[in-house]
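# coords please:
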Amino acid sequence: MDAPQLEGGVLYLAATPIGNLRDITLRALEALRQADVVAAEDTRHTRELLSAHGIHARLVSYREQNHERASIEILDALERGLKVVLVSDAGTPGISDPGEALVSLAIERGFRVSALPGPSAAIAALCASGLLSRRFLFVGFLPRKEAELTSHLGSLAAEPGTLIFYEAGRRLPATLAAAAKILGPRRAVVARELTKLHEELVRDTLPGLARRFVEPPPGEVVLLVEGASGGPSVPPSRPEIEKLVSALRAGRRLGAAECAALLSRLLPVPRREIYRLAVEIGGADTGDPEKAHE
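Now for the predicted structure:
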């Protein structure tokens, strides 16, 4: 069967292997062979992939550091009717990488965007995790600063679907420690080296994983966390509540009433109690504090 020809002036998104070079679709290979321009996050990495499959293509760099300038060149190529394929370093373009911005710009300019589905670390990890897969929330990379990390995890505490994060190995111990404190003893999985020789999926509770990964693993990992059960839970201690309140007031600059409203939905703690604590930590709101008791 003859391979379909790419259309000029269309931005094609080609998923690439996340570890094993053979995990690439026939459509993606054919698109890369036909492309006039291949926009790549790391041109050296992509050149190795293309060479492994006997493909020679014109590569242009499109990464976080140069995406504004590179977007102009790529959109100009589309305007001239060239066949343009966007690839990520690994996985599907636009998922936790700068491709998201290019897709938005192309659509705004009226160009058609076509996805060639394929590998995804998040989906591969979810399928093999043993956690709920019919409902999940892909979060991507978490904030690096402790206050923002605490605040972000707190905002996800009531999500019933499986939570999926990407994380750098060097930050994994701190992330697991924070997640264990905020999300509690939920089931979780650390997936690393997916599709490679030393593929590993470590299944445990969040506190258990925090103990296992005291030393950071190399590379990047996928962290999956069981969603909220919706059942009764043990109220957190006062120091734990204080830490959450402090993080929300400092990191997200929430007032006492807003802080009380948010945490009372996530924790089995009365709103008034959280409000009093928030006032102790950061002072009362300007205006009527009674809105915290509504």
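
# list the buried ones in the lowest-mean-pLDDT helix or strand in the chain?
Taking mean pLDDT, DSSP states H and E as the measure, the chain has helix 238-251 as its least confident helix or strand, at a mean of 80. Buried residues in helix 238-251, defined by neighbour count with 16 or more other Cβ atoms under 10 Å: 241, 243, 244, 245, 246, 247, 248, 249, 250, 251. C-beta here means a position set from N, CA and C on the backbone, and glycine is covered the same way.

# regarding the closest residue to residue 246 other than its chain neighbours, what is its secondary structure?
Closest residue to residue 246 apart from its sequence neighbours, by Cβ to Cβ, 6 or more residues apart in numbering: residue 281 at 5.8 Å. Assigned with DSSP: H, G, I helix; E, B strand; the rest coil, residue 281 falls in the helix class.

# find the nearest non-adjacent residue to the residue positioned nearest the centre of the chain, please.
For the chain, the residue sitting closest to the mean C-alpha position, by Cα atoms, centre = their mean, is residue 140 at 0.8 Å. Take residue 140 and drop its neighbours on the chain: the residue closest to it by Cβ to Cβ, 6+ apart is residue 96, 4.3 Å away.

# check residue 220 too.
Sequence neighbours aside, residue 168 is the residue nearest to residue 220 in space, at 5.6 Å (criterion: Cβ to Cβ, 6+ apart).

# pLDDT at that neighbour, what is it?
pLDDT, residue 168: 97.

# state the distance from it to residue 174.
Residue 168 is 10 Å from residue 174, where distance means Cβ to Cβ, to the nearest Å.

# SS state for residue 188?
The three-state label for residue 188, taken from three-state DSSP, comes out as strand.

# that one against residue 167, yeah?
No - using Cβ atoms under 8 Å, residue 188 is not in contact with residue 167, being 11.9 Å away.

# overlap in contacts of the two?
Common neighbours of residue 188 and residue 167 (criterion: Cβ atoms under 8 Å, 6 or more residues apart in numbering): residue 223.

# those two - which one has more neighbours?
Per other Cβ atoms under 10 Å, whichever of residue 188 and residue 167 has more neighbours is residue 188, with 27 against 21.

# quick check: next helix or strand after the helix or strand harbouring residue 137?
Using DSSP states H and E, residue 137 falls within strand 136-141. The helix or strand immediately downstream of strand 136-141 is helix 146-155, counting by DSSP H and E.

# could you tell me the angle between that following helix and strand 136-141?
Put simply, helix 146-155 runs at 180 degrees to strand 136-141, going by axes from the mean of the first three to the mean of the last three Cα atoms, to 10 degrees.

# can you list contacts of helix 146-155?
Residues contacting helix 146-155 (Cβ under 8 Å, 6+ apart): 142-143, 174-175, 178-179, 182-183, 243-244, 246-248, 250-252, 262-263, 266.

# over stretch 58-66, what's the mean pLDDT, rounded is fine.
Mean predicted lDDT for stretch 58-66 stands at 95.

# and that stretch, which residues are buried?
59, 60, 61, 62, 63.

# so the second one sits in a strand?
Yes - going by three-state DSSP, the assignment for residue 60 places it inside a strand.

# now do the SS call for residue 209.
Going by three-state DSSP: residue 209 is helix.

# I figured it was touching residue 187, is that so?
No - using Cβ under 8 Å, residue 209 makes no contact with residue 187, being 9.7 Å away.
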